[in-house]
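**Q** Coordinates for the following, if possible.
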Amino acid sequence: MTGKRLYSLGYLTGNGVDPVTAVKIAAEHGYDMVSFRLLPAAGETLHPLLDDDTLLADVKAAMRDTGVTMADAEMIRLKPDTDLDSVTPFLDRISELGARHVLVAIDDTDPARTQDNYTALCHRLGDYRLTADLEFMPWTGCKDLGSARRLVEAADHPSAAVLFDTLHFDRCGSTLDELAALPASLMNYVQICDGPVPFDPSDEGLIMVARTARMIPGEGGIDLAAIAAHIPPGMTVSVEVPNQDLTARFGASEVARRSLEATKRLLGD
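**A** From the prediction side, this is the model:
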C-alpha cells in the first residue's frame, strides 16, 4: 500500500452537524473524505439523508464543489433477524453518493448464524462494489481483533475486511502482536482517536466513551504511538473523535481541525 495517505472526517467527529456542514468542515480543514450515517447505531435520530432527495442533492453539490468524497457509510448491524433485502435502499443511496465502504457491527451471539449473515452481506455488498468493514467492539457479538479476523477470513470474499479502531483495540484485550500479524490486505481503513485511561470497563461505560467522549490523539492515555507503528503506510485513516464537551466549548469545526492535526502528527504526515 503506497501513495499519499487519505484522511476522512468520521461521522461521529461531525459531533451532530448536518451532512452538508460536515462536507464543508472537512474541506475547510484538509480532510480528503467524509463519512455519513444513514442507518442508526442505537435508535438515534439522524439527518434524513436516506430519504430526503433535497438533502441528497445538496450533499452531492457540496461534495462536487469542494472535492471531498465519501469514504464509508454507517451502519449495518447484523442481528439474529436481519433481512438483507431491507438494506437495499441504504445501499442504493450510498452508491449514489460514491461510498466505498460500509461499517458493519455484529449484534448476534450465535457464531454460525453470524458467519452466514456476514458472508451473505459481503456478497450483497460486492454486487455494489462496496466493502463490508467489520468493526470489533467489546460490547458486541464481535468483541476483539481475533474474532473479526476469523469472520473476515472465513467469509473468503473480496468485500470482507476488518475495521480497526484504536479505542476498541485498547479496551478489548487484543495485542500488538495480533495487530502486527494482521495482513494489510484485510483492511481498507482504520479509525483513530484517543481515550481516557483508566476507564469504566462496563458495557455502559465503554459505549458512553465511544459515542460521546473520545479524545483527540495525544490528549488521552492510549499508547497510540505503539499502535501507529503497525498501521500500514498509506492506509486510509478515519479520524473519529465524538466529544460532546469539547464540541460545546469550541464547536464542531474546531474539534475536527484539532483532531486531524493531532492525527497527522501521530502518523508523521
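
**Q** Against the centre of this structure, work out the most remote residue.
**A** Distance from the C-alpha centroid of the chain, by C-alpha atoms, centre = their mean, peaks at Thr54 (25.6 Å).

**Q** What's the separation between that residue and Glu44?
**A** Using C-beta to C-beta, to the nearest Å, one gets 22 Å for the distance from Thr54 to Glu44. Any C-beta I mention is one placed from the backbone N, CA and C, and that applies to glycine too.

**Q** try Pro196
**A** Distance, Pro196 to Glu44, by C-beta to C-beta: 23 Å.

**Q** Looking at these two, which is more packed in?
**A** Neighbour comparison, Pro196 and Glu44: the larger count goes to Pro196, with 16 against 8 (by other C-beta atoms under 10 Å).

**Q** Specify the local secondary structure of the nearest residue to the more buried one once chain neighbours are set aside.
**A** Computed as C-beta to C-beta, 6 or more residues apart in numbering, the closest residue to Pro196 that is not its neighbour in sequence is Gly220, at 5.6 Å. Secondary structure state of Gly220, per DSSP: H, G, I helix; E, B strand; the rest coil, is coil.

**Q** Now do the contacts for Gly220.
**A** If you count contacts by C-beta atoms under 8 Å, 6 or more residues apart in numbering, Gly220 has them with Cys193, Asp194, Gly195, Pro196, Val197.

**Q** The same query, at a cut-off of 6 Å, please.
**A** The contact partners of Gly220, by C-beta atoms under 6 Å, 6 or more residues apart in numbering, come to Asp194, Gly195, Pro196.

**Q** Give me the contact list for the helix or strand hosting Arg113.
**A** In the assignment (DSSP states H and E), Arg113 maps to helix 111-127. With contact meaning C-beta under 6 Å, 6+ apart, helix 111-127 is reached by 78, 82, 84, 102, 106, 108, 132, 141, 151, 154-155, 157, 159-160.

**Q** Can you name the next helix or strand after that helix?
**A** Using DSSP H and E, the first helix or strand after helix 111-127 is strand 131-135.

**Q** quick one: that next one to helix 111-127, angle?
**A** 140 degrees (axes from the mean of the first three to the mean of the last three C-alpha atoms, to 10 degrees).

**Q** For strand 131-135, name the packing helices and strands.
**A** Judged by 3 or more C-beta pairs under 6 Å, 6 or more residues apart in numbering; DSSP states H and E, the packing partners of strand 131-135 are strand 101-106, helix 111-127, strand 160-165.

**Q** Select, out of those, the one closest to Arg64.
**A** Checking these against Arg64 by C-beta to C-beta gives strand 101-106 as the closest, at 20.6 Å.

**Q** Listing request: residues of the protein with sub-threshold pLDDT.
**A** For the chain, the stretches flagged by pLDDT under 70 are 1-2.

**Q** all strands for it, in order.
**A** Ranges of strands in the chain, per DSSP state E, are 7-9, 33-37, 69-78, 101-106, 131-135, 160-165, 187-192, 236-239.

**Q** Give me whichever of those strands is most buried.
**A** Counting by mean count of other C-beta atoms under 10 Å, strand 7-9 has the highest mean neighbour count of those, with a mean of 27.

**Q** Tell me the strands beside that one, with direction?
**A** Here strand 7-9 has these sheet partners by DSSP bridges: strand 33-37 (parallel), strand 236-239 (parallel).
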